[in-house]
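Visitor: Show me how the following folds:
(2 chains)
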Amino acid sequence: AQSVSQHNHHVILSEAASLELGCNYSYGGTVNLFWYVQYPGQHLQLLLKYFSGDPLVKGIKGFEAEFIKSKFSFNLRKPSVQWSDTAEYFCAVSSHGSGNTGKLIFGQGTTLQVKP
Amino acid sequence: DGGITQSPKYLFRKEGQNVTLSCEQNLNHDAMYWYRQDPGQGLRLIYYSQIVNDFQKGDIAEGYSVSREKKESFPLTVTSAQKNPTAFYLCASALAGVLLSTDTQYFGPGTRLTVL
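Guide: Purely as a prediction, here's the structure:
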């Protein structure tokens, strides 16, 4: 069965520090990869996604993620975080197989707290 | 103003009662999804629907039921058979283009259900 693992459950950083959130998935076929973010009191929204092409994907608000197929990883990065990046971050995977249902498998989430 | 609405925002239920959560979208999306979010567990798929009058069980469908009589609406009923219904429930929709697995899912604001 597919699964997604996010290694860091709670991360605390100071402003301007660099961020890297780990995400690994288990699935042998072709996958699509997503990072969603949930700011306090707001809807869950898409940060970025990868489904083909350049494995380095750039998203909104200066975030990027790199798909490394050999490591089954899709880590999220930002060179310099801001207080407004405080949120919960979710990695998710969908597969081309299984009848193309669009089903997303989510990781457990990582809570990021940025101190001003 | 396009988007997904969920109501109510907070819902309290006594044990043994069924309760229905509303989800409406005006994005003209074909696919709709219900997720349950629990602390430390990420989001888990309850039910999904790719087209009107059709829906499929997700990973944790037991104790839940849905209907999809209209494209815009995908209500979720939490029945008394659901053993641990207290959670945050999120509805999502996607355009269902050529390859649904690559589509971005758009999320509603959620309903927090508490069973007393």
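
Visitor: Show me where chain B has its strands.
Guide: B:4-7, B:10-13, B:19-25, B:31-38, B:42-51, B:54-57, B:64-66, B:76-78, B:87-94, B:106-107, B:111-115 (DSSP state E).

Visitor: Who are the contact partners of the residue nearest in space to the middle of chain B?
Guide: Central residue of chain B (CA atoms, centre = their mean): B:W34, 2.6 Å from the mean position. Going by CB atoms under 8 Å, 6 or more residues apart in numbering or on different chains, B:W34 touches B:23, B:45-48, B:58, B:64, B:66, B:74, B:76, B:89-92. Quick note: C-beta positions are derived from backbone N, CA and C, even for glycine.

Visitor: follow-up on the earlier one: please name whichever of the strands of chain B is nearest to A:Y25.
Guide: strand B:42-51 (12.5 Å; CB to CB).

Visitor: Pull the residues that contact the closest one.
Guide: Here strand B:42-51 makes contact (CB under 8 Å, 6+ apart) with A:4, A:6, A:44, A:90, A:92, A:101-109, B:30-38, B:55-61, B:64, B:66, B:68, B:74, B:76, B:89-90, B:96, B:100.

Visitor: if we can go back for a sec, make JSON lines out of the strands of chain B and add mean pLDDT.
Guide: Listed next are the strands of chain B as JSON lines, based on pLDDT from 0 to 100:
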{"stretch": "strand B:4-7", "mean pLDDT": "94"}
{"stretch": "strand B:10-13", "mean pLDDT": "93"}
{"stretch": "strand B:19-25", "mean pLDDT": "96"}
{"stretch": "strand B:31-38", "mean pLDDT": "94"}
{"stretch": "strand B:42-51", "mean pLDDT": "93"}
{"stretch": "strand B:54-57", "mean pLDDT": "94"}
{"stretch": "strand B:64-66", "mean pLDDT": "97"}
{"stretch": "strand B:76-78", "mean pLDDT": "97"}
{"stretch": "strand B:87-94", "mean pLDDT": "95"}
{"stretch": "strand B:106-107", "mean pLDDT": "94"}
{"stretch": "strand B:111-115", "mean pLDDT": "94"}
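
Visitor: No further queries at this time; thank you.
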